[in-house]
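> Prediction below, plus the sequence it came from.
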Amino acid sequence: MNSSSRGKDVQLYTYFRSSAAYRVRIALALKGIAYASVPVNLLKGAQDENAFKAVNPQGRVPALVVDNDVLIQSPAILEYLEDCYPHPPLLPSLPLDRAKIRGVCSLIACDIHPLNNIGVLRYLRHWMGQDQASIDAWYAHWIREGFDALECFLKPGPFAFGQHLTLADV
Ligand SMILES: N[C@@H](CCC(=O)N[C@@H](CS)C(=O)NCC(=O)O)C(=O)O
């Protein structure tokens, strides 16, 4: 356990296949923060049940509960973890470098992922009448377009931005 996490009661509402929750799990692990997992089975619709909506009215994972405060949205949670548990750092010190890394994070979290979320895909099927092949084509299109752009921003490795692991890798 990270020394600064002692005394805090940390719970992560999560689902094993959720990439947004994965980001938070990776950061928690890298920073050595002890937490309890609360599984929310997205395929069974647990995100829409009252028990979870009482935690996150948006019905999305991840949600991180720190003592009695609920944090939502993986970018905000990652920034919180970076602020409160700075070791190991997942952002460099220079503002310009930090902004470049955050830009890549946003490319993934704001422009690729939301278009392929369960709720969006279900809407395409049930309300827009799209078949599975069309939905798969939609999914693949936004991932391909996003990843093509992402490749242009990556530096020579081993990590996305060079020698150090950052939020872009997370
Ligand atoms: N922008 C949010 C996205 C959270 C999100 O959409 N999580 C997905 C799983 S990856 C979810 O809970 N989906 C439930 C649904 O669409 O019904 C974040 O980065 O935390």
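Looks like it arrived, so ask away.

> residue ranges of the strands in the chain, please?
Applying DSSP state E to the chain gives strands spanning 10-14, 36-39, 63-66, 69-72.

> average pLDDT for the longest one?
Here strand 10-14 scores 98 as its mean pLDDT.

> residues in contact with Leu90?
By Cβ atoms under 8 Å, 6 or more residues apart in numbering, the contact list for Leu90 reads 27, 30, 78, 82, 165-167, 170. Where you see a C-beta, it was placed from the backbone N, CA and C, and this is true even at glycine.

> If any of the residues you listed are buried, give me the ChimeraX selection for them.
Selecting only the buried entries of the contacts of Leu90 in ChimeraX, with 16 or more other Cβ atoms under 10 Å as the criterion:
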select :27,30,78,82,165,166,167,170
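
> Tell me the one among the contacts of Leu90 nearest to the ligand.
Leu78 (9.0 Å; Cβ to the nearest ligand atom).

> The closest one and Ser37, how far apart?
Distance, Leu78 to Ser37, by Cβ to Cβ, to the nearest Å: 17 Å.

> swap in Lys53?
Taking Cβ to Cβ, one finds Lys53 at 19 Å from Ser37.

> cool, and Gln11?
Distance, Gln11 to Ser37, by Cβ to Cβ: 8 Å.

> Provide the count of other residues in contact range of Leu154.
When neighbours are defined as other Cβ atoms under 10 Å, Leu154 has 13 of them.

> gap between it and Ala20?
21 Å.

> Can you read off the pLDDT for Ser4?
For Ser4, the predicted pLDDT is 46.

> Quick one: residues contacting the most centrally placed residue in the chain.
Computing the C-alpha centroid of the chain and ranking residues by Cα atoms, centre = their mean puts Ala20 first, at 2.6 Å. Going by Cβ under 8 Å, 6+ apart, Ala20 touches 60-62, 74, 109, 113.
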